[in-house]
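Undergrad: Return a 3D structure for these sequence lines:
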Amino acid sequence: MFKNNLILRVSLIISLSFMVFGIVFREWLEKAAPAFLSFNVNYFGPIYLVVSLLIVITSIYLMFSKYGSIKLGKDSDQPEFSTLSWISMLFAAGMGIGLVFWATAEPVMHYTSPPVGEGLTSESAELSIKYTFFHWGLHPWALFGLVGLGMAYFQFRKNLPARVSSIFYPVLGDRIYGPWGKTIDIYAIFITVIGIAQAFGLGAIQISEGANFLWGFSNTIAVSMIIIIVGTILFMISALTGVNRGIKYLSNFNMLLALSLMLFIFLIGPTKQIIDIFISGTGSYLSDILTMSSQLAPFNGDQQNWVSNWTIFYLAWWLTWASFVGAFISRISKGRTIREFVIAVLFFPTILCFIWFSIFGGAGIHLIHDLGNSMLGDAVNTDVTQALFSFLEYFPLSSLTSALMMLLCLVFFITSADSGTFVLAMFSSEGNINPDNKIKFIWGLVIFCISAVFILAGGLETIKTVVIVVSTPFIIFMLFMTYTILKALKSEFKYSKVKKEEEVKSKTG
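TA: Next up is the predicted model:
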C-alpha cells in the first residue's frame with residue numbers, strides 16, 4: 001500500500017508534519033494568525049475575486065454553449081443515481097456544517113455590522129441578505145463545479161485517472177504521471193485535508209454549543225474533543241460502506257431533515273416576509289453580482305476589512321473544499337451531459353441555499369428589526385456559535401427543533417467527512433474510484449488529528465487563517481483548469497465535426 005505509492009506517502013508526511021507543527025507551535029500559530037491573514041488578503045484578495053467571477057461566467061457559458069450536449073462518459077452511458085439522490089449527495093457534500101453554523105448568524109451579523117452604512121436599519125437588512133446570498137450562491141458552486149466537470153470529463157470520457165492532475169492533461173500531456181502531476185495531486189490532497197478538518201472542527205464547536213445550550217454541558221475543549229471522537233467513529237463507519245450505501249442514505253436523510261426544519265420555521269415564522277425576502281434578495285443579488293464580485297473598496301478601510309473578513313475568507317474556504325467536493329460530484333455524475341451537470345451543480349444548490357437563509361436569516365432579522373428583540377443580536381455578536389439555538393428559542397417546540405438541528409449538524413458533519421475521506425483515498429490511490437478501506441481509515445485518523453489541532457490552537461479564528469493561507473495557490477490552479485477544460489472541449493468538438501464530415505463524404509462518395 002505504501003511502498004509503491006509516492007503520492008500517499010508524501011501526502012501523509014506533509015499532513016502529519018502540519019499536525020505536529022500545530023501542536024508544538026500552538027501558541028505561536030495563534031499569535032501569528034492575524035499577520036498571515038492580513039498578508040494573504042491584501043496581496044491575493046483581488047485574484048480571488050477576479051478568478052472566481054471568471055469561473056462563474058465560464059460555467060454559465062458552458063451550459064448554453066455547443067459543448068452542453070457532451071456527455072461526461074461514453075455516449076451510451078446512463079446516470080448511476082436518480083436525480084434526487086444525485087442532488088442530495090452533491091448538496092450535502094458541498095455545503096456541510098457551515099450551512100447550519102451560519103444559518104442565522106451571518107445575516108444577523110451583516111444586519112448589525114453591514115459592509116457600508118449604519119447597522120440595524122432597513123437598508124442594512126437588505127444588504128445582509130444580498131451579501132449572504134453572494135457568499136453562498138453561484139461562486140462556491142462554480143468553483144466546485146469546475147473541478148467536478150474537469151475530473152468527470154477527463155475520467156469518464158478520456159479514460160484518465162480520477163485525479164486533479166488529469167484536468168491538466170491538455171497542457172501537461174503524459175507528464176501528469178510524472179513529478180508535475182504528482183505535485184498537483186499532493187497539494188490537492190493537502191488542502192482537502194485542511195478543508196475537511198476545519199469543517200470537522202467547526203462542527204464540533206457547533207454541536208458542543210448546542211449541548212451546552214440545551215442540556216447545560218460545559219462548552220469546553222474536552223467536550224469538543226469527545227464530539228470529534230464520536231463523529232470520527234460514525235463517519236468512518238459510513239465511509240467504509242461506500243457511496244452507494246452509507247453516503248447516499250445519509251445524504252437523502254440529511255436533505256429530508258433540512259427541508260422539514262425549513263418548512264417548520266417557514267410556516268410558524270413570518271411566512272409572507274420570508275417569501276418577500278427570498279424574491280427581493282434574489283433580485284438584488286442578481287442585479288449587483290458584478291459589483292459585489294469586484295468590490296475591493298480601495299479608499300474605504302473599514303469596508304475593505306469587511307470584504308477581507310467575509311468575502312475573501314469565504315472564497316478561500318470554498319477553495320479548500322473544491323478538490324474533494326468536485327471529485328465527489330464527478331464520481332456520482334457519470335452519464336450526465338455538461339448542460340445537466342452545470343444546471344444541477346450551479347443552480348439547484350444555490351436556490352436551496354437562498355431559501356435556507358431567507359428562512360433562518362430572514363426570520364432572525366425580523367425578530368430584531370420588526371419585533372425589537374435586541375437580545376438575539378447581542379447573542380449572535382457575543383458568541384456566534386449560540387446564534388442558531390438562540391434564534392430557535394423564540395419559536396414553539398424549541399427544545400425539539402434545537403435537538404433536530406443538532407442532529408442535522410451531526411449528519412452534515414458525517415456526510416462531509418465521509419465523502420471527503422472517500423475522495424482522499426481515491427486521490428492517493430492513483431485515482432482508483434473504489435479505493436481500499438485501509439486508506440480511507442488512515443485518512444479518517446489524519447482528519448481527526450488535524451481537526452483536534454484546530455480546536456486546541458484557538459478555534460474559529462485560527463481555522464480561518466490557515467484556510468486562507470493554504471488555499472491561496474489553488475486559485476491559480478483553478479485559472480489554469482478553466483483554460484485546459486475549454487481547450488479540451490474545443491478540440492473534441494472540432495474532431496467530432498471533422499469526423500462527421502468524413503462520414504458524410506464516405507456515404508455520398
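Undergrad: Stretch 153-169: which residues count as buried?
TA: When burial is assessed from 16 or more other Cβ atoms under 10 Å, stretch 153-169 yields the following buried residues: 153-157, 160-169. C-beta: built from backbone N, CA, C; applies to glycine.
Undergrad: For Met19, give me its contacts.
TA: Val446, Cys449, Ile450, Val453 (Cβ atoms under 8 Å, 6 or more residues apart in numbering).
Undergrad: show me the contacts for the first one.
TA: Counting by Cβ under 8 Å, 6+ apart, Val446 makes contact with Leu12, Ser15, Leu16, Met19, Val193.
Undergrad: Pro161 should be in a helix, yeah?
TA: No - when classified by DSSP: H, G, I helix; E, B strand; the rest coil, Pro161 is found to be coil rather than part of a helix.
Undergrad: That one touches Phe168, doesn't it?
TA: No - in this structure, Pro161 is not within contact of Phe168 by Cβ atoms under 8 Å, at 12.0 Å.
Undergrad: contacting residues around stretch 221-235?
TA: Under the criterion Cβ under 8 Å, 6+ apart, residues 200-201, 203-205, 207-208, 211-212, 217, 410, 413-415, 417-418, 421, 444-445, 447-448, 451-452, 455-456 lie in contact with stretch 221-235.
Undergrad: mind checking how far Asp276 is from Ile265?
TA: Asp276 sits 15 Å away from Ile265 when distances are taken as Cβ to Cβ, to the nearest Å.
Undergrad: Those two: which is more packed in?
TA: Taking neighbours as other Cβ atoms under 10 Å, Asp276 and Ile265 compare with Ile265 leading, 23 against 13.
Undergrad: mind giving me CSV with the contacts of Met19 and columns for secondary structure and pLDDT?
TA: Formatted as CSV, the contacts of Met19 follow (DSSP: H, G, I helix; E, B strand; the rest coil; pLDDT from 0 to 100):
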residue, secondary structure, pLDDT
Val446, helix, 89
Cys449, helix, 84
Ile450, helix, 82
Val453, helix, 77
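Undergrad: Can you list the low-confidence ranges for the stretch 101-250 of the chain?
TA: Applying pLDDT under 70 to the stretch 101-250 of the chain picks out residues 218-219, 238-248.
Undergrad: now the helices: where do they sit in it?
TA: For the stretch 101-250 of the chain, applying DSSP state H, counting those that start in this stretch gives helices covering 105-112, 122-136, 138-152, 169-172, 179-215, 221-241, 248-268.
Undergrad: Least confident of the contacts of Val446?
TA: Minimum pLDDT across these is recorded for Met19, with 77.
Undergrad: And the helix or strand hosting that residue, what's buried?
TA: Assigned by DSSP states H and E, Met19 belongs to helix 6-24. Neighbour-count burial for helix 6-24 flags Ile7, Leu8, Val10, Ser11, Leu12, Ser15, Phe18, Met19, Gly22 (criterion: 16+ other Cβ under 10 Å).
Undergrad: any idea how far the second one is from Ile191?
TA: Using Cβ to Cβ, one obtains 16 Å as the distance from Leu8 to Ile191.
Undergrad: now the strands: where do they sit in this structure?
TA: With DSSP state E as the criterion, the chain has no strands.
Undergrad: which stretches of the stretch 351-500 of the chain have low pLDDT?
TA: 457-465, 467, 497-500.
Undergrad: Let me see the contact set for the closest residue to Gly181 other than its chain neighbours.
TA: Closest residue to Gly181 apart from its sequence neighbours, by Cβ to Cβ, 6 or more residues apart in numbering: Ser165 at 3.7 Å. Residues in contact with Ser165 (Cβ under 8 Å, 6+ apart) are Leu172, Ile176, Trp180, Gly181, Lys182, Ile184, Asp185, Ala188.
Undergrad: so can I have CSV of the residues you listed showing neighbour count and distance to Asn252?
TA: CSV is the format used below for these (neighbours: other Cβ atoms under 10 Å; distance: Cβ to Cβ, whole Å):
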residue, neighbour count, distance to Asn252
Leu172, 18, 38
Ile176, 22, 35
Trp180, 15, 40
Gly181, 22, 36
Lys182, 18, 36
Ile184, 22, 33
Asp185, 25, 31
Ala188, 27, 28
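Undergrad: Look up how far Phe480 lies from the closest residue to Leu290 other than its chain neighbours.
TA: Leaving aside its chain neighbours, Leu290 sits nearest to Leu53 (7.6 Å; criterion: Cβ to Cβ, 6+ apart). From Leu53 over to Phe480 the distance is 16 Å, taken as Cβ to Cβ.
Undergrad: Show me which of those two is the more surrounded one.
TA: Leu53 (18 against 15).
Undergrad: Per-residue pLDDT of the more buried one, please?
TA: At Leu53, the model reports a pLDDT of 95.
Undergrad: before we move on, what about Asn4?
TA: Note on Asn4: pLDDT of 68.
Undergrad: burial of Leu146, as a residue count?
TA: Residues near Leu146, counting by other Cβ under 10 Å: 25.
Undergrad: cool, Val380 as well?
TA: Residues within reach of Val380, counting by other Cβ under 10 Å, total 25.
Undergrad: same thing with Ala103?
TA: By other Cβ under 10 Å, neighbour count at Ala103 equals 26.
Undergrad: Phe354 contacts Ser280, correct?
TA: No - using Cβ under 8 Å, Phe354 is not in contact with Ser280; the gap is 11.1 Å.
Undergrad: These two: who's more crowded?
TA: Higher neighbour count among Phe354 and Ser280: Phe354, with 21 against 15, using other Cβ under 10 Å.
Undergrad: Now Gln78. Its backbone dihedrals?
TA: phi -110, psi 150 (degrees, to the nearest 10).
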